[in-house]
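sequence and predicted structure are below.
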Amino acid sequence: MLGKECSILQCNKFYKKLQIKDLEKRVASMMPIYNYIIKELKKLRIKTVIDIGCGTGDFLSVCRDNGILGYGFDFSSVAIEICRDHYKLDNVWIGDALDKENYKDEYDSYLAIEVLEHIMQDLDMIRNIRLGFLFIFSLPNWIGNDSHVRCFKSDDQIKARYDKVVDIKNVMRFRANQNQERRVVISTTKIQVKQNES
């Protein structure tokens, strides 16, 4: 059963309970995906990225370690506090993924790692991204918790949903655990909003 969007209060509560060991475990489980994205960014000579819904800043820290200037925002003030305190990230702020103000600066690439499945208005969020720019996003293929508002079991389902707002270049799959669940990473995607969309 699909869940509903997480409120700011619920997200802050989740992040307040997060222990550093939990954070390190999550980062370790995401490293194959992070490494793949970094490889793609370097291949495309990306210098700056914005991480939409950056959470605790795990990926932004990986960007910094790889010489990519990362910016990020999340609607959880507690997550942003972890970004600043744990990872010593300065280019992060509290912001809503649907607020156009968070997209006003220029970046070479836009990222949404494990974010779109949490947002009811995911297509509206993508419309905030500058036309023709690289957009990399990842989605799990399972219902992970009460805050997943959608779940994709196939590449075709992902394409059916997002073809309206992006030009999908490549889909890579990563095994998440021994139960055959996997994360799907959509990469090297250029935004090309199609007109007359419902």
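On my side now, so go ahead. Residues are numbered from 1 along each chain as shown.

okay, CA-based contacts and neighbour counts for the rest of this
Noted.

count the residues that sit near Asp99.
Around Asp99 there are 12 other residues, counting by other CA atoms under 10 Å.

and what of Asp124?
Asp124 sits with 15 neighbouring residues when counted by other CA under 10 Å.

I'd say it and Ala97 touch.
No: contact criterion CA atoms under 8 Å: Asp124 and Ala97 do not qualify, at 9.1 Å.

quick check, Gly55 in a strand?
No: Gly55 is assigned coil when assessed by DSSP: H, G, I helix; E, B strand; the rest coil, not a strand.

these two touch, right, it and Ser76?
Yes: using CA under 8 Å, Gly55 is in contact with Ser76, at 7.4 Å.

surely Ile129 is within a strand?
No: per three-state DSSP, Ile129 lies outside any strand segment and is coil.

how many neighbours does it have?
Ile129, neighbours per other CA under 10 Å, totals 24.

distance of the residue lying closest to it once chain neighbours are set aside from Gly72?
Computed as CA to CA, 6 or more residues apart in numbering, the closest residue to Ile129 that is not its neighbour in sequence is Tyr103, at 6.5 Å. From Tyr103 over to Gly72 the distance is 10 Å, taken as CA to CA, to the nearest Å.

and the two? Which one has more around it.
In this view Tyr103 and Gly72 are compared by other CA under 10 Å, and Gly72 has more residues nearby, 28 against 17.
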